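Student: predicted model and sequence follow; I will ask about them next.
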Amino acid sequence: DTGVSQDPRHKITKRGQNVTFRCDPISEHNRLYWYRQTLGQGPEFLTYFQNEAQLEKSRLLSDRFSAERPKGSFSTLEIQRTEQGDSAMYLCASSVGLAVTNEQFFGPGTRLTVL
Amino acid sequence: TQLLEQSPQFLSIQEGENLTVYCNSSSVFSSLQWYRQEPGEGPVLLVTVVTGGEVKKLKRLTFQFGDARKDSSLHITAAQPGDTGLYLCAGARRSNYKLTFGKGTLLTVNP
């Protein structure tokens, strides 16, 4: 399977704990995106990488959130001191970087539940 | 502020019926993508439209991009239970690369 993969698929944690999610994009896709989706809403943009450079961060991404893409391949999203409001589906997407169409392909997501 | 408004929010129909869902915005997008999402899964890309007035067909699905590139529609002919899912539209601009999503239309096709 050569699609976007995410790990873990589900994560249950207690408030105050730190969690880390991993995303492996489609090979040779130089752009990688993180989105968050809550119940009844469409995905909301969090941050975006071109290769290893983080080029944009949403104001939704508080100081407790950090994302990395150290070698321009896989990416990690860490949430420190989780809060119940962080419960959501975290989606990763990648694209090959065509400026006009910007077709993004999504992974299956990581469902986070903060108790 | 929801930049992309999708309607209807919910739609329940019988197998064999036709339907249209709408995606409207006051903003211009360089491209618009339609996705279908099933519970617990990520969105799956159906189509990308780029040119104002463009019409694309994917089997029983017909997608149209408005002339002004502010709105789009998805028409399904002879819906089947396998079409059940959340249909999301998402717009992109050349100035940045993030997608702006609507809230989606939750379609249920009853056998």
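Tutor: Perfect, thanks for sending it. Numbers count the residues shown, from 1 in each chain, chains lettered A, B, ... in the order given.
Student: number of residues surrounding the closest residue to chain A within chain B?
Tutor: Closest to chain A within chain B is B:F101: 3.1 Å, counting by C-beta to the nearest C-beta. For glycine as for every other residue, the C-beta is placed from the backbone atoms N, C-alpha and C. B:F101 is flanked by 25 other residues according to other C-beta atoms under 10 Å in any protein chain shown.
Student: which residues sit in contact with it?
Tutor: A:42-44, B:4, B:88-90 (C-beta atoms under 8 Å, 6 or more residues apart in numbering or on different chains).
Student: now swap in A:Y33 and tell me
Tutor: Counting by C-beta under 8 Å, 6+ apart, the residues that A:Y33 touches are A:45-49, A:92-95, A:104, B:97-99.
Student: and the residue of chain B closest to chain A, its phi and psi?
Tutor: Per-residue torsions, B:F101: phi -100, psi 150 (degrees, to the nearest 10).
Student: identify the residue nearest it in space, chain neighbours excluded?
Tutor: Distance criterion C-beta to C-beta, 6 or more residues apart in numbering or on different chains; nearest residue to B:F101, sequence neighbours excluded, is A:G42 at 3.1 Å.
Student: surely A:E56 touches B:K98?
Tutor: Yes. In this structure A:E56 lies within contact range of B:K98 using C-beta atoms under 8 Å: 6.8 Å.
Student: show me which of the two is the more surrounded one.
Tutor: Taking neighbours as other C-beta under 10 Å, A:E56 and B:K98 compare with B:K98 leading, 22 against 15.
Student: gap between the more buried one and B:V44?
Tutor: 19 Å (C-beta to C-beta, to the nearest Å).
Student: ok, the contacts of B:F101 vs B:Q14, which is closest?
Tutor: B:L88 (23.3 Å; C-beta to C-beta).
Student: looking at this, the closest one is in a strand?
Tutor: Yes. Assignment of B:L88 by DSSP: H, G, I helix; E, B strand; the rest coil places it within a strand.
Student: so the residue of chain B closest to chain A bridges to which residues?
Tutor: B:A90 (DSSP bridges).
Student: helix/strand/coil for B:G82?
Tutor: Recorded secondary structure, B:G82: helix (three-state DSSP).
Student: quick one: residues contacting it.
Tutor: B:V109.
Student: how about B:A90, what does it touch?
Tutor: By C-beta under 8 Å, 6+ apart, the neighbours of B:A90 are A:42-43, B:4, B:32-35, B:99-102.
Student: who wins for most neighbours among those?
Tutor: Each of the contacts of B:A90 was scored for neighbours by other C-beta under 10 Å, and B:L99 scores highest at 31 neighbours.
Student: please identify the helix or strand for the nearest residue to B:A79 once chain neighbours are set aside.
Tutor: The shortest distance from B:A79 to any non-neighbouring residue, by C-beta to C-beta, 6+ apart, is to B:V109 (4.6 Å). Assigned by DSSP states H and E, B:V109 belongs to strand B:105-110.
Student: on contacts alone, who are the packing partners of that strand?
Tutor: strand B:10-14, strand B:19-24, strand B:85-92 (3 or more C-beta pairs under 8 Å, 6 or more residues apart in numbering or on different chains; DSSP states H and E).
Student: quick one: the second one to chain centroid distance?
Tutor: Same thing as strand B:19-24. The chain centroid and the centroid of strand B:19-24 are separated by 7 Å under C-alpha atoms, centre = their mean, to the nearest Å.
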